[in-house]
Structure formats: C-alpha cells, structure tokens
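In: Need coordinates for the below:
(one chain, ligands or ions: 1)
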Amino acid sequence: MTGSTKYIFVTGGVTSSLGKGIISASLAKLLQARGFTVTIQKLDPYINVDPGTLNPYEHGECFVTEDGAETDLDLGHYERFLDVPTSKANNVTTGRIYQNVISKERRGEYLGKTVQVIPHITDEIKAHIQALGRKGIYDFVITEVGGTVGDIESLPYVEAMRQLKWAKGKDCLTIHLTLLPYLGTTGELKTKPTQHSVKELLSLGVQPDVLVCRTEHPMQKGMKEKIALFCNVDAEAVIESRDADTIYDVPLMMQHERLDEVVLKKLGVNTCPDADLNAWKDFLRRYKEPKGEVHIGLVGKYVELKDAYKSIKEALEHAGAANELKVHIKWVHSEKLTAKNVAKHLGGLAGILVAPGFGHRGIEGKIEAIKFARENKVPFLGICLGMQCAVIEFGRNVLGYTDANSTEMNADTMHPVIAMMEEQKQIENKGGTMRLGAYPCKIEDDTLAKQVYRKRDISERHRHRYEFNNAYLKAYEKSGMVASGINPQGKLVEIVEIKGHPWFMGVQFHPEYRSTVAKPHPLFIAFVKAAMSIGVKEVVKAEA
Ligand code: GLN
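Out: This next block holds a predicted model:
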C-alpha cells in the first residue's frame with residue numbers, strides 16, 4: 001500500500017473475555033487476504049514485565065516468539081491466523097513500559113524534568129505502538145488494548161490511544177468490542193451495557209469508529225440503528241459477532257458482516273483487491289468435514305484449565321484437519337495417574353501426548369503415562385517436560401536407575417539424567433532467563449525424526465532450564481533410546497526416540513508454537529497420522 005501505516009485499536013467493554021484477540025486476528029486475516037501486510041500487537045495492563053513469571057492458572061499459556069519473548073497467548077492466535085511470526089515488540093506490558101521509563105530516568109535522559117504518567121508513560125506507550133509501524137513493512141498495525149475500558153490500570157493505554165488518534169487523524173481507527181446480553185425472561189438482547197461502555201470510552205476522549213457486538217442470538221431488526229444513534233457511529237459500522245462453533249469461523253463471519261470493508265472505507269483506503277480466503281476455506285472444510293476420528297490423551301497438570309495448553313490443542317486440531325480427521329482430546333490429569341489406574345485412564349486412546357510443565361507436581365503420573373505408552377506401543381509425543389519425563393522413565397524402568405530424575409525435581413538423585421544447563425547455573429533472576437526462542441537442531445539420518453521433518457536442519461522454539469545429561473547418552477543409546485536431534489553448537493539433545501517402538505518421540509522444544517492454519521506442524525501431522533494408522537490398532541482396552 002502506498003502511504004503511511006494505518007493504526008487500528010481494538011478495545012473491549014462490558015466484560016472481559018469477549019474475544020478481542022480473535023476479532024483482531026480475524027480482521028488482520030481479512031486485510032492480509034486482500035494483499036496488505038499486517039501485524040497485531042497486544043498491550044497488557046499488568047505490572048509483570050512479561051507473563052513468563054505468571055502461573056498458568058492466572059494467565060493461561062505463555063506463548064514464546066522466535067526471538068525468545070515470553071508473551072500473552074493472544075500472540076499465538078495472531079500467528080496461527082496470519083502465519084507471520086511475531087516478536088518481542090508485539091507484546092507490551094505496563095511493567096515493561098515503567099521499567100523502560102525508570103531506566104531512562106536513572107540514566108538522566110529526562111534532563112531534570114518531573115517524570116509523569118502524562119506525557120512520559122504515554123509517550124513510551126506511543127513509541128512502542130509506532131515502533132512496529134516505523135519498520136516500514138506493515139500497511140496496518142492492529143493494537144489490542146488488554147483489559148476492559150474503565151479499568152484503572154488501562155487508563156494510560158486509552159490516553160495514549162486518544163493522543164495518537166488526535167495526531168494521526170484519518171490514519172487511525174478504534175474498534176470497540178462489547179456484549180449484548182440476552183434476557184431469557186423477555187427474550188431480548190439488551191443494548192444498554194453497550195451504550196454505557198461507549199459513554200465510558202467517550203469520557204476518556206475516545207469516540208469509537210466501529211462497534212463489534214458479541215451476541216448469543218441474532219440482533220433484532222432496528223437494533224443496529226438504535227445502537228448507532230446512541231453511540232454516534234454509522235449503522236453500517238455496528239457489526240454483529242455471533243458465538244461461533246470454532247474460532248476459525250470468525251474471519252468469514254466478519255467478512256460477511258463487512259468489517260474489513262467498513263474499516264478500509266473509514267481509513268480512506270478505496271482501492272484494493274477482494275479478500276482471497278480460498279486456502280482458509282479449504283482448511284475449514286477439512287476441519288469441519290473429517291473422514292474419520294481419533295482419540296488422543298493429553299496428560300498434564302493444568303487440564304482443568306484448557307487455556308494452559310492452548311497452542312498444543314490448536315496444533316492437534318490443525319494436524320487433524322491436515323489428515324482430515326477429527327481429533328478428540330481426552331484431558332488427563334497427571335496428578336491422578338498411578339500404576340494401578342493408568343490403563344483405566346489411558347486405555348482406548350490411539351495416541352498419548354505428555355505436556356510441558358515446571359516443578360514436581362504431577363510428575364509421577366506423567367512417568368506412568370509414558371511407561372504405558374512405551375510398553376503398549378501406543379504412539380507417544382512428549383513435549384519439553386514431557387520429553388524429560390520420557391528420559392526419566394526409560395532410565396528407571398529400562399536402564400534400572402531406580403531413582404533417575406531431573407535435578408529440578410530431586411537435586412540429590414544418584415542418576416541426574418536431566419540436569420540444569422551449564423549456562424543456567426549462575427542465573428539468579430527468574431524472569432526471561434530460560435533458554436528461550438528459536439534454536440537450530442540437526443536431525444540424524446535413519447530416524448523417525450528424519451521421516452517426519454524430511455530435512456537435516458530445522459529450527460524450533462524453546463523454553464526450559466534443564467536438559468538431557470549427556471553423561472548418560474551412551475548408556476541410553478545402547479539400550480534403544482537414541483538422540484535423533486542435536487543442537488549443532490552446544491550438542492544438547494533436542495529429540496529422543498525409541499528404536500523398535502512404532503512411534504515414540506520426545507522433543508525438548510515446543511513444536512506447538514510453530515503450527516498455523518496455513519502450515520500445520522509436521523510433527524503434529526505425523527503424530528496424529530500415527531495415532532490413526534498404528535495407535536488405533538494397538539489400542540489397549542481400558543480396564544473397568
Ligand atoms: N521444567 C523443565 C525445564 O525447565 C521443562 C520446561 C517446559 O516444559 N517448558 O527444563
């Protein structure tokens with residue numbers, strides 16, 4: 001696009017969890033499908049510098065970018081929808097903003113001035129928003145403002161947005177996402193909370209240009225006009241957003257509601273091609289009209305909170321679509337698994353995936369799940385801690401190291417088969433100090449990994465402090481667990497597999513962060529395929 005970068009803000013009102021991330025990603029997809037370059041950024045109003053130190057119970061999964069930033073899980077949606085990598089710059093927190101401002105103050109960069117929320121904090125926020133635009137590669141920067149309008153903590157973000165709108169005029173636009181609650185007793189959708197939420201935004205000096213209204217039921221006749229009248233927006237800019245069967249329907253629903261058309265018109269972009277969504281529609285067809293189904297167990301300690309494993313769930317679904325299979329995930333709580341009940345919980349499954357994690361809780365259950373998969377020849381994929389547990393299980397039950405463990409769980413074990421990486425030993429701070437982001441990995445010939453990736457050099461994203469202890473590598477390889485992927489510089493073991501098992505792989509990295517709608521990840525595709533072709537035949541009966 002010729003001309004300057006356009007900035008689109010997405011705010012939320014009435015309640016949290018309305019799906020600002022999905023609306024942002026869907027609009028971005030529609031603009032991308034018209035040939036524009038787009039990136040999406042999330043502003044988070046908490047004081048943590050990044051969500052890396054947050055418990056998944058607080059915040060769901062922590063998504064990791066190529067350049068090693070620990071970020072909000074919405075960045076996962078952005079990448080899965082757009083198939084364009086995000087970076088550190090795509091997630092900003094209040095903690096990071098204040099950290100930068102305070103560091104500048106300490107360096108004397110404010111030249112004796114009193115440092116204040118306005119203009120110093122708001123300037124820092126604006127600089128972060130515009131940094132993406134300044135790269136000169138994006139036609140559109142979509143900025144999702146976390147939290148709900150009216151929250152004390154998001155006020156500086158709304159103020160920064162107000163200032164940018166004022167400065168940029170026609171190059172800037174605000175979309176406000178609200179809720180139309182349904183009153184069962186009268187059978188009506190109510191617009192009052194939307195009116196109030198727009199008033200709240202107006203009181204902060206921001207007039208929304210577009211309203212997206214989340215609703216369980218179709219909007220009644222005349223409702224768009226009514227909202228338009230009360231909120232000073234055009235009726236065509238009141239967009240209905242019905243609950244969808246899947247998040248992947250939302251771009252098409254937004255296209256049907258002409259969200260992209262309205263946005264482009266308001267930003268003065270008049271000439272552009274229609275959106276080409278053929279590849280997206282093809283994915284949806286495979287996803288919604290599967291030719292078979294497969295049951296996979298996901299073993300983890302946060303299974304009551306599905307958001308903790310968001311990228312894994314999505315990667316399995318992408319892989320299901322690639323294989324034209326419906327993947328049913330059975331969420332298995334690792335803390336509940338014992339040698340006695342493992343067959344009851346995992347029997348009947350065609351594949352077993354053991355999830356990443358930190359700390360001791362639930363670890364013994366993960367090890368039982370892996371023993372079950374190994375002995376019964378059920379296709380197995382272990383990710384990060386899941387891979388480390390596979391190494392521990394093999395050490396204990398095949399090599400006879402009865403107390404084999406990771407030094408994360410037992411610092412005094414006689415057999416530290418998983419140990420802290422050398423460069424991690426001196427580090428004291430917890431935030432942002434793990435082995436993070438993309439690292440290269442070399443795949444060995446004649447391995448399952450080679451069959452899966454079909455190339456020698458790959459790159460995958462990491463987030464861990466511990467690793468396979470190479471002092472044990474020879475003993476493992478002699479007994480059948482081989483290292484099929486190695487980091488070329490540090491010689492760290494990145495992939496293990498078991499010779500003679502039909503499909504058993506543990507990976508130290510997180511393949512789930514790289515799976516997108518356009519490019520489902522080869523490891524997940526192969527795992528789901530193996531579950532269908534091998535696992536279904538190998539299914540072990542569940543014990544009553
Ligand atoms: N806790 C393990 C480590 O730090 C695994 C981390 C993970 O699963 N992401 O190495």
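
In: Centroid-nearest residue for the chain?
Out: residue 76 (2.9 Å; CA atoms, centre = their mean).

In: residues making contact with the helix or strand hosting that residue?
Out: When secondary structure is defined by DSSP states H and E, residue 76 falls within helix 74-82. When contacts are defined by CB atoms under 8 Å, 6 or more residues apart in numbering, helix 74-82 is touched by residues 20-22, 24-26, 28-29, 32, 38-40, 42, 61, 63, 65, 85-86, 90-91, 144, 247, 251, 310-311, 314, 318, 513, 515-517. For every residue, glycine as well, the C-beta is placed using N, CA and C.

In: near the ligand, which of those show up?
Out: Counting by CB under 6 Å from any ligand atom, the subset of those that neighbours the ligand is empty.

In: So which of those residues belong to helices?
Out: In helices, defined here by DSSP state H, the members of the contacts of helix 74-82 are 20-22, 24-26, 28-29, 32, 251, 310-311, 314, 318.

In: got a markdown table for the residues you listed, with neighbour count too?
Out: Below are the ones in helices among the contacts of helix 74-82 laid out as a markdown table (neighbours: other CB atoms under 10 Å):
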| residue | neighbour count |
| --- | --- |
| 20 | 24 |
| 21 | 24 |
| 22 | 21 |
| 24 | 26 |
| 25 | 27 |
| 26 | 27 |
| 28 | 25 |
| 29 | 27 |
| 32 | 22 |
| 251 | 28 |
| 310 | 21 |
| 311 | 24 |
| 314 | 21 |
| 318 | 27 |
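
In: nearest to the ligand, of those?
Out: Closest approach to the ligand among the ones in helices among the contacts of helix 74-82 (CB to the nearest ligand atom): residue 311, at 11.8 Å.

In: surely that closest one meets residue 63?
Out: Yes: with contact defined as CB atoms under 8 Å, residue 311 counts as touching residue 63 (6.6 Å).

In: what touches both of those two?
Out: Taking CB under 8 Å, 6+ apart as the criterion, residue 311 and residue 63 both touch 73, 76, 513.

In: Residue 220: which of these is nearest?
Out: residue 73 (34.2 Å; CB to CB).

In: how about that closest one, what does it touch?
Out: Going by CB under 8 Å, 6+ apart, residue 73 touches 21, 59, 60, 61, 62, 63, 307, 310, 311.

In: and the residues you listed as a markdown table, adding pLDDT?
Out: Below are the contacts of residue 73 laid out as a markdown table (pLDDT from 0 to 100):
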| residue | pLDDT |
| --- | --- |
| 21 | 95 |
| 59 | 83 |
| 60 | 88 |
| 61 | 93 |
| 62 | 94 |
| 63 | 96 |
| 307 | 89 |
| 310 | 95 |
| 311 | 97 |
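
In: what's the most distant pair in those residues?
Out: Once CB to CB is applied, these give 21 and 62 as the farthest pair, at 14.8 Å.

In: What is the burial count for residue 12?
Out: Per other CB atoms under 10 Å, the neighbour tally for residue 12 reads 28.

In: wait, it sits on residue 149?
Out: Yes: with contacts counted by CB under 8 Å, residue 12 reaches residue 149, the gap being 6.7 Å.

In: anything in contact with each of these two?
Out: residue 176.

In: so what's the residue in the stretch 101-250 of the chain positioned nearest to the ligand up against?
Out: Closest contact between the stretch 101-250 of the chain and the ligand, by CB to the nearest ligand atom, is at residue 146 (23.8 Å). By CB under 8 Å, 6+ apart, residue 146 lies in contact with 20, 42, 43, 44, 45, 72, 154, 157.

In: doesn't residue 144 make contact with the third one?
Out: It stands for residue 43. Yes: using CB under 8 Å, residue 43 is in contact with residue 144, at 6.9 Å.

In: Pull the contacting residues for residue 258.
Out: For residue 258, the contact set (CB under 8 Å, 6+ apart) comprises 236, 239.

In: Give me the pLDDT value at it.
Out: For residue 258, the model assigns a pLDDT of 96.

In: go on, residue 538?
Out: At residue 538, pLDDT is 68.

In: circling back to that earlier point, give the closest residue to the residue of the stretch 101-250 of the chain closest to the ligand in space, chain neighbours not counted.
Out: residue 44 (4.4 Å; CB to CB, 6 or more residues apart in numbering).

In: Check residue 205 too.
Out: Here the residue nearest residue 205, using CB to CB, 6+ apart, is residue 162, at 4.4 Å.

In: host element of the one you found?
Out: helix 155-168.

In: what's the spacing between the residue nearest to residue 146 and the ligand?
Out: 21 Å (CB to the nearest ligand atom, to the nearest Å).

In: Likewise for residue 265?
Out: Using CB to the nearest ligand atom, residue 265 is found at 45 Å from the ligand.

In: Look at that residue and say how many residues are nearby.
Out: Neighbours of residue 265 (other CB under 10 Å): 14.

In: now swap in residue 322 and tell me
Out: For residue 322, using other CB under 10 Å, the count is 21.

In: correct me, but it touches residue 525?
Out: Yes: between residue 322 and residue 525 there is a contact under CB under 8 Å: 4.8 Å.

In: Distance check, residue 447 against the ligand.
Out: On the measure of CB to the nearest ligand atom, residue 447 and the ligand end up 22 Å apart.

In: and that residue, backbone torsions?
Out: Main-chain dihedrals, residue 447, degrees, to the nearest 10: phi -130, psi 160.

In: For residue 371, give me its contacts.
Out: 339, 342, 393, 397.

In: and the second one, what is it in contact with?
Out: Going back to what we said before, that points to residue 342. 368, 369, 371, 372.

In: And the last one, by the same measure?
Out: With contact taken as CB under 8 Å, 6+ apart, residue 397 is in contact with 371, 374.

In: So what does it look like in phi/psi?
Out: Torsion angles, degrees, to the nearest 10, at residue 397: phi -100, psi -20.

In: related to what we said a few turns ago, contact partners of the following helix or strand past the helix holding residue 162?
Out: Proceeding N to C from helix 155-168, the next assigned helix or strand is strand 172-179, under DSSP H and E. The contact list for strand 172-179, computed with CB under 8 Å, 6+ apart, reads 6-15, 18-20, 23, 27, 149, 161, 164-165, 193-194, 197-198, 201, 206-215, 241, 263, 266-267.

In: what about 6 Å?
Out: 7-15, 18, 20, 23, 164-165, 194, 197, 206, 208-214, 266-267 (CB atoms under 6 Å, 6 or more residues apart in numbering).

In: So which of those residues belong to strands?
Out: Cross-referencing the contacts of strand 172-179 against strands under DSSP state E gives 7, 8, 9, 10, 11, 12, 210, 211, 212, 213, 214.

In: Tell me which residues touch the fifth one, please.
Out: With contacts defined as CB under 6 Å, 6+ apart, residue 11 is in contact with 145, 149, 176.

In: Nice, that's everything, thank you.
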